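Engineer: Sharing a model prediction with you, sequence too.
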Amino acid sequence: MANAVNRSIIKLPSLTSEHTQFIRPRKLVLDEPPLKLTIVHGRRQFPVCLKLAENENGDRISMRHLAEKITCETGLRPRDQKYYYKDLTWENPDMGPWSPALRDMGIKSGDKIHLVNFQKPYCDWHEISTLGDIEKENAACTKELHMLFYKLHGINEGFVDGNNQTMAFNTLKEKFETLKCTFLEQIQVLNTLNFDHRNAVGQGRRRQLLDQIQRQIDQCTDVSNTIFHKFAQGHYLANVGRIFPRDIRTRPSFNKWAN
């Protein structure tokens with residue numbers, strides 16, 4: 001039985017140098033080394049290291065890898081990305097399998113690539129324009145408010161004669177009330193603005209301006225109330241007299257009941 005099995009085995013001739021000279025060794029496809037770049041985005045600079053994934057053996061580092069990395073770092077979508085590198089400019093990079101390799105474009109490790117994102121106009125441009133007008137108007141009112149406080153400080157320091165102080169206070173009170181009405185109108189206009197939910201910059205500007213105007217209204221109200229109470233107290237004292245009689249006391253030496 002063993003002899004029958006041995007007879008069924010076919011023996012192949014050994015390979016000699018004549019046979020192996022036509023066999024070429026298979027070229028191994030090595031992974032592309034990582035590509036380290038510096039991205040310049042406005043005033044910000046940050047490093048980026050591009051490397052292939054485990055399932056991308058044999059591929060090349062391309063625009064797709066750069067665009068995906070930039071999306072993770074900045075949140076910009078690939079269609080909103082635009083790059084500048086020396087004399088090259090490309091935008092909306094190809095995200096498909098035929099995306100060009102970065103090293104074929106002459107990009108090497110350590111190079112700087114400038115990133116620019118497209119600024120699309122907001123759909124609420126009318127609200128933004130109105131907000132800008134309110135900001136300019138409020139800046140002028142702020143200067144006027146500072147001037148009124150400067151004049152009020154001068155009156156309190158006595159730079160106006162006593163006979164003219166009443167007229168000066170009345171004039172300032174009217175100006176503070178007029179300025180307060182202007183601030184209230186500005187708040188009403190700001191409350192009518194309807195910004196897009198994505199326009200966080202416009203919403204922040206309006207919130208900051210509303211807080212500033214509200215503080216200015218409080219200042220005008222406090223000054224007007226102070227002037228009013230000052231006039232009311234002076235009028236009461238002029239007609240009725242002092243609320244409490246003056247305390248007239250003699251010195252202890254003249255007090256006969258003093259011990």
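Structural biologist: Looks like it came in fine. Residues are numbered from 1 along each chain as shown.

Engineer: so where do the helices sit in the stretch 101-250 of the chain?
Structural biologist: With DSSP state H, counting those that start in this stretch, the ranges of helices along the stretch 101-250 of the chain come out as 125-156, 162-191, 200-239.

Engineer: Compute the inter-axis angle for the longest one and helix 125-156.
Structural biologist: Just to be clear, that refers to helix 200-239. 30 degrees (axes from the mean of the first three to the mean of the last three CA atoms, to 10 degrees).

Engineer: Helix 200-239 - contacts with which helices or strands?
Structural biologist: For helix 200-239, the packing partners by 3 or more CB pairs under 8 Å, 6 or more residues apart in numbering; DSSP states H and E come out as helix 125-156, helix 162-191. Just so you know, the C-beta spots here come from the backbone N, C-alpha and C atoms, and that holds for glycine as well.

Engineer: now those helices in CSV, with distance to T38, mean pLDDT and mean neighbour count?
Structural biologist: Listed next are the helices and strands packed on helix 200-239 as CSV, based on distance: least, CB to CB, whole Å; pLDDT from 0 to 100; neighbours: other CB atoms under 10 Å:
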stretch, distance to T38, mean pLDDT, mean neighbour count
helix 125-156, 34, 92, 14
helix 162-191, 43, 90, 15
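
Engineer: could I get those as JSON lines with distance to Q81?
Structural biologist: Below are the helices and strands packed on helix 200-239 laid out as JSON lines (distance: least, CB to CB, whole Å):
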{"stretch": "helix 125-156", "distance to Q81": "24"}
{"stretch": "helix 162-191", "distance to Q81": "35"}
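
Engineer: Just the element for C72, please.
Structural biologist: For C72, the host element (DSSP states H and E) is helix 63-74.

Engineer: Give me the residues contacting that helix.
Structural biologist: 37, 39, 41, 46, 48, 50, 52, 76-78, 81, 83, 90, 93-96, 99-100, 102, 113, 115, 117 (CB atoms under 8 Å, 6 or more residues apart in numbering).
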